[in-house]
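*Asks:* sequence plus predicted model, see below.
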Amino acid sequence: MKLIPVVILAPLLLVGATEPVDYGASAVALDQTIEREYAYLDKLPDGTLPHSDVLTREREAVHDERSLLRYAEHRIASLADHHAITGSSFADSWTVVPTYTDLWVVFEDGRYVIDAVRPDSPASRADIQNGQQIVAIDGIPVARAVAWFWSAMGLDVTPQRAAYAARVLVAGRRNRERRIVTVDSSGTERAVVLPSLYAATDDPEPPLSVCAANGVTIVRFNNALGDRESIAAFDAAMGSLHPDTGLVLDLRDTPSGGNTTIARAIMGWFVERPRGYQMHNRPAEERETGVARQWVEQVLPRSGKYRSEMPTILVGRWTGSMGEGLAIGFAALGADVRGSMMAGLNGSVEDLPIGNTDLTIKLPTERLMTTEGQPREDYVPAPIGDRLANVAC
């Protein structure tokens, strides 16, 4: 399990600004930016940016960088979108999901059910199992903890918000342990204390690992789809691969996403002509002009690099963002994509400024879809099957 280093920032002093910083106006500008640029307003209650008296009072009280960043954290959280985050944070900010969480929680029939446990994580070493329920977090019954989370923003709990908050709460604050109570199917409760994944001290992993099992070669990406070294490492792995050997690309540890350069370099090994692999739509342009914009992104062949047989792609809850893009891209090329549901992160993220400050947000500004128009976040892979169930490097 490879974690991406995150810089924890107390708010920075602005140096050399060309105009005086107006923090209050920047808070207002933040709301306007989200309303203008966010690609998924239609997923929000009433299809609009959530508002409440609590958020209004907090926005009106913004007077410095610290209070602006706190407001930005609440405003971004109000979207209930794990792909929307602030560019800066505090030492005690909530954990970024899915990169720094080891439990995936879903909200089903009023229960908070563990849908997946991250391999080789504190949760897996504590023997927490899929199907168990979360009943308490930090000594508070989970439903009350979820309601408290949203009350900080003056917002009601909806099913979407319940699931989002539960995942954030079990991931915890960045600078402290997590205390979770689970219950299994027999009704047995168990309390566990888990460290924050920000405290992980694992040795650095290479961009990818290569091994053989069950008669196939497995290339496992170690959360490195944003690392340019992954291209050279993948090229080397492909160059040493016998053409008759089956190939599995394991994307189950790619929660931090990456960029399309690396994704296209990987897929480029498997095409002989330009092929579409994902569809983009930018709602902000239609809001501004009344004219919709949508296009298909292509992957191109790479000179001297080609394999005719498609790989099998493995995915799971910690396949996020660009990992999900690779999955739907390979599906468009005809590859077999197998595993559990992915992280379901919304769209393509863009860094946007908060007013005239140096603070930024990372916001999904483009919808991403399969080449047939299915939202990427709704893509359902085939079951993994017995042959690949225990395949891992």
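*Replies:* Thanks, I have the structure now.

*Asks:* what's the span of stretch 277-292, first residue to last?
*Replies:* Stretch 277-292 stretches 20 Å from its first residue to its last (C-alpha to C-alpha, to the nearest Å).

*Asks:* can you pull out the helices in the stretch 151-300 of the chain?
*Replies:* Under the criterion DSSP state H, counting those that start in this stretch, the stretch 151-300 of the chain contains helices at 159-171, 229-239, 260-267, 283-289.

*Asks:* and the ones you listed: which comes nearest residue 201?
*Replies:* When the helices of the stretch 151-300 of the chain are compared by C-beta to C-beta, helix 159-171 sits nearest residue 201, at 18.1 Å. Bear in mind the C-beta positions are built from the backbone N, C-alpha and C, glycine included.

*Asks:* rounded mean pLDDT for that closest one, please.
*Replies:* Helix 159-171 shows a mean pLDDT of 98 in the predicted model.

*Asks:* report all helices and strands that that helix contacts.
*Replies:* strand 103-108, strand 133-137, helix 142-151, strand 178-183 (3 or more C-beta pairs under 8 Å, 6 or more residues apart in numbering; DSSP states H and E).

*Asks:* quick one, phi psi at residue 68?
*Replies:* Main-chain torsions, residue 68, degrees, to the nearest 10: phi -70, psi -40.

*Asks:* so it sits against residue 358, correct?
*Replies:* No: counting by C-beta atoms under 8 Å, residue 68 stays clear of residue 358, with 10.7 Å between them.

*Asks:* any idea which of the helices of the stretch 151-300 of the chain gets closest to residue 48?
*Replies:* Set against residue 48 and scored by C-beta to C-beta, those come closest in helix 283-289, at 12.4 Å.

*Asks:* give me the buried positions along that closest one.
*Replies:* The neighbour-count check on helix 283-289 (16 or more other C-beta atoms under 10 Å) flags 283-284 as buried.

*Asks:* name the helices or strands packed onto it?
*Replies:* Judged by 3+ C-beta pairs under 8 Å, 6+ apart, helix 283-289 is in contact with helix 23-37.

*Asks:* just the C-alpha atoms of the helix it packs on, please, in PDB.
*Replies:* Output of helix 23-37 as PDB, limited to C-alpha atoms (Å, rounded to 0.1, in the frame of the first residue of the first chain):
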ATOM      1  CA  TYR A  23     -10.700  37.300   2.600                       C
ATOM      2  CA  GLY A  24     -14.400  38.000   2.900                       C
ATOM      3  CA  ALA A  25     -14.800  38.600  -0.800                       C
ATOM      4  CA  SER A  26     -12.700  35.500  -1.500                       C
ATOM      5  CA  ALA A  27     -15.200  33.400   0.600                       C
ATOM      6  CA  VAL A  28     -18.000  34.800  -1.600                       C
ATOM      7  CA  ALA A  29     -15.900  34.100  -4.700                       C
ATOM      8  CA  LEU A  30     -15.500  30.500  -3.600                       C
ATOM      9  CA  ASP A  31     -19.200  29.900  -3.700                       C
ATOM     10  CA  GLN A  32     -19.500  31.600  -7.000                       C
ATOM     11  CA  THR A  33     -16.600  29.500  -8.400                       C
ATOM     12  CA  ILE A  34     -18.300  26.300  -7.400                       C
ATOM     13  CA  GLU A  35     -21.700  27.300  -8.800                       C
ATOM     14  CA  ARG A  36     -20.000  28.200 -12.100                       C
ATOM     15  CA  GLU A  37     -17.500  25.400 -12.500                       C
END
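
*Asks:* so residue 218 touches residue 241, yeah?
*Replies:* No: if you go by C-beta under 8 Å, residue 218 and residue 241 don't touch, sitting 11.0 Å apart.
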